[in-house]
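Engineer: Compute the structure for the input listed below.
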Amino acid sequence: MSENPDPDELLTIGEMSSRTGVAPSALRFYEELGLIASVRTSGNQRRYARHMLRRVSLVTVAKRLGIPLSDVQHAFASVPLDRMPSHAEWQHASRDWKKQLEERRRGLERLESELTGCIGCGCLSMKACALLNPDDALAATGAGPRRLEDDENRHAASSEQ
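Structural biologist: Sure, this is the predicted structure:
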């Protein structure tokens with residue numbers, strides 16, 4: 001690569017892999033999912049626009065944090081693949097994704113704080129269960145960890161209004 005890379009430069013799959021640390025097979029998979037795009041040379045070789053480095057890097061971080069690729073697909077839906085996205089387009093996608101990430105963070109914090117307490121799942125194995133979910137009374141409100149889900153559902157309902 002040159003000292004001053006050209007933003008319009010096209011990178012080979014090997015260069016993308018080297019720069020992002022993502023295996024070529026994963027790059028092809030991301031392309032199949034529509035997360036990234038390439039153009040083909042006359043010899044049918046993939047070439048990636050340099051701006052795809054950002055997308056691949058964001059996918060890498062999301063995966064490292066346990067965020068499903070379907071969530072990344074949704075977050076990138078409004079960001080064009082066929083040209084370098086504008087700052088405004090990234091800002092718009094970032095705002096929407098940030099809301100989802102904040103909800104995920106709140107859920108993780110709630111789970112972390114309740115790991116040793118009653119979550120309303122019906123196991124009745126924690127000392128707090130007898131007080132917070134006597135005789136598994138929360139089963140009448142639905143399936144799953146009711147004390148965690150109730151707070152998440154209440155929050156989701158209030159943010160939609």
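
Engineer: Correct me if wrong: residue 36 contacts residue 81.
Structural biologist: Yes - if you go by Cβ atoms under 8 Å, residue 36 and residue 81 touch, sitting 7.2 Å apart. C-beta here means a position set from N, CA and C on the backbone, and glycine is covered the same way.

Engineer: Give me the more crowded residue out of the two.
Structural biologist: residue 36 (24 against 16; other Cβ atoms under 10 Å).

Engineer: how close does that one get to residue 67?
Structural biologist: When distance is defined by Cβ to Cβ, to the nearest Å, residue 36 is 16 Å away from residue 67.

Engineer: Same question for residue 129.
Structural biologist: Taken as Cβ to Cβ, the span from residue 129 to residue 67 is 31 Å.

Engineer: can you pull out the helices in the protein?
Structural biologist: Counting by DSSP state H, the chain has helices at residues 13-20, 24-33, 52-64, 69-76, 87-114, 129-132, 146-160.

Engineer: Out of those, the one nearest residue 46 is which?
Structural biologist: When these are ranked by proximity to residue 46, the top entry is helix 13-20, at 5.0 Å, counting by Cβ to Cβ.

Engineer: Next, the angle from the closest one to helix 52-64.
Structural biologist: 60 degrees (axes from the mean of the first three to the mean of the last three Cα atoms, to 10 degrees).

Engineer: Okay, buried residues for helix 13-20 please.
Structural biologist: For helix 13-20, burial by neighbour count (16 or more other Cβ atoms under 10 Å) applies to 13, 15-17, 19-20.

Engineer: average pLDDT across that helix?
Structural biologist: Here helix 13-20 scores 96 as its mean pLDDT.
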